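Asks: Model the following, please.
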Amino acid sequence: MQPENLLLGAIEAGGTKFLCGIADRDGNIIRQTRIPTTVPAETLAIATDFFARAQDEFGPLSSFSVGSFGPLSLNPVAKDYGSITSTPKAGWQDIDLLAHFSRTIDAPMALDTDVNCAAVGERLFGSGQGLDTFCYVTVGTGIGVGLLIDGAPHGGANHPEAGHIRLPRAPGDEAFPGICPFHGDCLEGLACGPAMQARWGVPGEQLPPDHPGWMIEADYLAGLCATLTYIVRPDRIIIGGGVMESPDMYERVRRALVTKLAGYDASMRSLDMDDYITAPTAGASAGLTGALALAYRTVTRQWPMHWSVELPSLPGQPLLSGAELA
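Replies: Here you go, the predicted structure:
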């Protein structure tokens with residue numbers, strides 16, 4: 001198929017919503033929608049209907065990809081390849097995403113994590129532009145880490161799960177047991193948004209800026225950044241998610257990271273922390289952008305570096321229900 005005839009389909013499958021989009025070879029969105037993540041039968045049925053209607057109108061898809069919450073099975077030789085595996089998201093364990101969509105979409109397919117797809121979006125349009133190796137971290141309902149190495153998402157035998165590493169306890173937080181159903185007090189169990197609410201009794205956004213909880217949060221995130229720095233040596237660590245919207249959160253993490261690195265290695269001492277720990281800038285649709293780029297790469301074997309504009313986000317667009325699409 002010639003690149004000029006491409007019709008790309010993709011989903012950013014998040015724990016609270018699915019963003020679905022159809023785009024042309026230049027990354028221009030032709031049709032998009034947002035669907036609440038409820039139970040698999042409902043959410044996947046609405047998404048399937050969206051792509052079926054789009055293909056009826058615009059023709060068959062050339063390629064299709066999903067950037068999903070996980071854990072995922074990404075090893076093509078695995079028996080459960082294409083599936084969500086042991087996720088804490090109730091009801092979504094062992095859901096085979098690729099098998100489901102292959103019933104109605106006859107096109108090459110790809111699957112990666114939502115954070116890896118967001119990292120691709122940041123490389124195309126955001127804070128990862130011009131960088132070959134960087135980390136993308138999201139801190140919200142969970143904690144996910146995407147790695148781009150040599151300009152491509154890192155997978156290996158499967159995708160990294162850096163959100164579940166164990167870290168030393170932050171000062172003053174020794175008693176909190178953590179909320180991860182698998183590990184208790186792993187990083188996600190201690191520092192995701194729901195963990196903050198469980199620890200303090202209110203959502204993080206309701207804590208005042210001078211609350212000690214923010215120093216504890218910064219300590220854990222700096223511990224993650226120190227670990228990524230020592231292991232990956234990225235050019236930059238981009239941190240997004242609702243927890244990072246607290247005032248001064250980036251500066252807190254930067255200061256805590258300097259303390260944790262403790263002057264080790266001259267190359268680390270020379271890091272410009274304002275440039276090293278940054279916010280994402282590709283917009284709310286970075287994950288969908290990255291998933292569409294993955295679809296493009298699946299069929300062309302190259303990244304769409306000619307895409308020159310950010311794909312539109314979906315501010316204020318109502319969620320669609322099955323009844324509204326019926």
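Asks: Tell me where this protein has helices.
Replies: Here the chain has its helices, by DSSP state H, at 40-58, 97-102, 114-125, 187-191, 193-200, 212-232, 249-261, 266-269, 273-276, 286-300, 322-325.
Asks: Looking at the ones you listed, which one is packed in the most?
Replies: helix 114-125 (a mean of 29; mean count of other CB atoms under 10 Å). For glycine as for every other residue, the C-beta is placed from the backbone atoms N, C-alpha and C.
Asks: where are the low-confidence patches of the stretch 1-150 of the chain?
Replies: Residue ranges of the stretch 1-150 of the chain with pLDDT under 70: 1-4.
Asks: what does the stretch 151-300 of the chain give?
Replies: Ranges of the stretch 151-300 of the chain meeting pLDDT under 70: 155-158.
Asks: ok, residue 192 - contacts?
Replies: 139, 140, 141, 142, 143, 163, 179, 243 (CB atoms under 8 Å, 6 or more residues apart in numbering).
Asks: now swap in residue 117 and tell me
Replies: By CB under 8 Å, 6+ apart, the neighbours of residue 117 are 12, 65, 67, 146, 153, 286-291, 293-294.
Asks: Now distance to residue 228 too, for those residues, in TSV please.
Replies: As requested, the contacts of residue 117 are exported to TSV (distance: CB to CB, whole Å):
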residue	distance to residue 228
12	23
65	25
67	20
146	11
153	15
286	19
287	20
288	25
289	23
290	19
291	23
293	23
294	22
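Asks: If we only consider those residues, which is nearest to residue 307?
Replies: residue 293 (7.3 Å; CB to CB).
Asks: Wait, the closest one touches residue 303, no?
Replies: Yes - using CB atoms under 8 Å, residue 293 is in contact with residue 303, at 6.1 Å.
Asks: closest to residue 225 among the contacts of residue 117?
Replies: residue 146 (14.2 Å).
Asks: Could you measure from that closest one over to residue 153?
Replies: 7 Å (CB to CB, to the nearest Å).
Asks: Which one's more surrounded, these two?
Replies: Between residue 146 and residue 153, residue 146 has the larger neighbour count (other CB atoms under 10 Å), namely 29 against 24.
Asks: Could you report the separation of the more buried one from residue 206?
Replies: Note on residue 146: its distance to residue 206, by CB to CB, is 29 Å.
Asks: How about residue 15?
Replies: 21 Å.
Asks: Between those two, which is the more surrounded one?
Replies: Between residue 15 and residue 206, counted using other CB under 10 Å, the more crowded position is residue 15 (15 against 11).
Asks: Verify the contact between the more buried one and residue 36 for me.
Replies: No - at 10.6 Å, residue 15 does not count as touching residue 36 under the criterion of CB under 8 Å.
Asks: that older thread, please identify every residue contacting each of residue 293 and residue 303.
Replies: In contact with both residue 293 and residue 303: 120, 124, using CB under 8 Å, 6+ apart.
Asks: Not counting residues beside it along the chain, what's closest to residue 191?
Replies: Excluding its sequence neighbours, the residue lying closest to residue 191 (CB to CB, 6 or more residues apart in numbering) is residue 220, at 4.0 Å.
Asks: what do you get for residue 6?
Replies: Leaving aside its sequence neighbours, residue 6 is closest to residue 25 (4.1 Å, by CB to CB, 6+ apart).
Asks: Kindly state the beta-bridge partners for the nearest residue to residue 162 once chain neighbours are set aside.
Replies: Closest residue to residue 162 apart from its sequence neighbours, by CB to CB, 6+ apart: residue 145 at 3.8 Å. In this entry, residue 145 is beta-bridged to residue 137, by DSSP bridges.
Asks: Could you give the number of residues near residue 145?
Replies: 27.
Asks: One more: the one 3 residues further on?
Replies: A total of 24 residues lie near residue 148 under the criterion other CB under 10 Å.
Asks: Pull up the gap between it and residue 98, please.
Replies: 22 Å.
Asks: just residue 114 next, same as before
Replies: Taking CB to CB, one finds residue 114 at 15 Å from residue 98.
Asks: Check residue 28 too.
Replies: Taking CB to CB, one finds residue 28 at 26 Å from residue 98.
Asks: Between residue 146 and residue 153, which contacts overlap?
Replies: By CB under 8 Å, 6+ apart, the residues touching both residue 146 and residue 153 are 113, 116, 117, 119.
Asks: Thanks a lot, see you next time.
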